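Student: 3D, please:
(chains A and B)
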Amino acid sequence: MSRVNRATAAQSLSVSLTVGAYGVAFGAASVAAGFTLWQSCLLSLLTFTGASQFAVVGVLGAGGSPISGIATATLLGVRNTLYGLRMAPVLNVKGLRRIFAAHLTIDESTGVALSQEKVGLREMRQGFWLTGFGVFIFWNIFTLAGALGAQAMGDPAAWGLDAAVPAAFLGLLWPRLINKSDRFLAVAACALALAMTPYFLPGVPIISTAFLAVFFGLRARVWK
Amino acid sequence: MEIDMIDPFWLAVIGTSVLAFILKYLGHSVPKSWLSHPRILKINSLIPIALLSALVAVQTFTKDSMLIADQRLAGVGVAVLVLILRAPFPVVVISAAATSAALFHLN
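Tutor: Numbering: from 1, shown residues only, chains lettered A, B, ... in the order given. Alright, predicted model coming up:
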């Protein structure tokens, strides 16, 4: 990788640390739900998509069956497929690199890549890889700490992490929301997801907003 | 092997991980030619914007499938303010965390 854009690197590091620290909560929740230390670490290494991990641990911890845990987690993982569709042409990789790229395709890596869209393709790639690897490293270290019983760290809300994570995603989206129709799409997506949340399985409200994107995408062509 | 012979926790770890990877890989495996049409390109660029916006809303306003307004909302509200003031990214994250944490401890 040639010269790394400083702002991109700073953004990647901020996101990696903020989200990675949340791994403590995952490690603690996982062990409390009955997963062993080793199983908890494997979930973070191999599943590596936070929402799905919290979901499967939540279901089994509440006495649910592994099948329903897997189903809930998988529903939450569907959005990574859609991120992959967007990231594949940006990264343009094959073979082993594509396997790594796929594994690192999560909210955070996609978010940082998108925030660099106006800067350039090179910065989008750097943002994706730096954030993907950064979150991977911190998420796994903090999962281990949480699973080992880092009670000193306590509730993530006590550190403001519960607000820092959505604030980080908002900050990543911000440069994309200069355009009036993109801003309207963002507001509509928020409204739809919130309206659906009480009535649908976790994961469904967020994926459903992809239909809004399709609708807006079809209209955008008509305007231009 | 019968399904109840497998430890439920191991089944959950392996099943979740395998399916999560398949879903991720699927997105990267769609042939380029399918995505080259201008209309599809436009839609493909809008989808992550919709998903990430929805993610912000869900992380800010919901807990266990219920809508609530708590300290997170104040934190994200401050983030919006500092974004309008064009603050650098780490400042956005830290100011949201500090606001939310302060309110958490006051309660």
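
Student: longest single helix anywhere in chain B?
Tutor: helix B:38-61 (DSSP state H).

Student: at contact distance from chain A, anything in it?
Tutor: Yes - using CB under 8 Å from any CB of the partner chain, helix B:38-61 reaches chain A at B:38-39, B:42-61. Any C-beta I mention is one placed from the backbone N, CA and C, and that applies to glycine too.

Student: and the residue in chain A positioned nearest to chain B, what helix or strand is that in?
Tutor: Nearest residue of chain A to chain B: residue A:84, at 2.0 Å (CB to the nearest CB). Using DSSP states H and E, residue A:84 maps to helix A:66-91.

Student: So residue A:64: helix, strand or coil?
Tutor: coil (DSSP: H, G, I helix; E, B strand; the rest coil).

Student: okay, which residue is most central for chain B?
Tutor: Central residue of chain B (CA atoms, centre = their mean): residue B:55, 4.5 Å from the mean position.

Student: Can you list the buried residues in the helix holding residue A:84?
Tutor: Within helix A:66-91, the residues scored as buried using 16 or more other CB atoms under 10 Å in any protein chain shown are A:66, A:69-88, A:90-91.

Student: Next up, the contacts around residue A:218.
Tutor: By CB atoms under 8 Å, 6 or more residues apart in numbering or on different chains, the residues touching residue A:218 are B:39, B:43.

Student: Three-state assignment for it, please.
Tutor: helix.

Student: OK, contacts around residue A:186?
Tutor: A:173, A:177, B:49-50, B:53.

Student: change it to 7 Å
Tutor: A:173, A:177, B:49, B:53 (CB atoms under 7 Å, 6 or more residues apart in numbering or on different chains).

Student: can you check residue A:108 too?
Tutor: Per CB under 7 Å, 6+ apart, neighbours of residue A:108: A:15, A:19, A:131, A:135.

Student: returning to that earlier point: let's see if you can find the most crowded of the contacts of residue A:186.
Tutor: Within the contacts of residue A:186, residue B:53 tops the neighbour count with 30 neighbours, counted by other CB atoms under 10 Å in any protein chain shown.

Student: is it true that that one touches residue A:189?
Tutor: Yes - Residue B:53 is within contact range of residue A:189, at 4.2 Å (criterion: CB atoms under 7 Å).

Student: residues touching residue 68, list them.
Tutor: Since no chain was named, I'll use chain A. Counting by CB under 7 Å, 6+ apart, residue A:68 touches residue A:59.

Student: The chain in question should be chain B.
Tutor: Shown in contact with residue B:68 (CB under 7 Å, 6+ apart): residue B:61.
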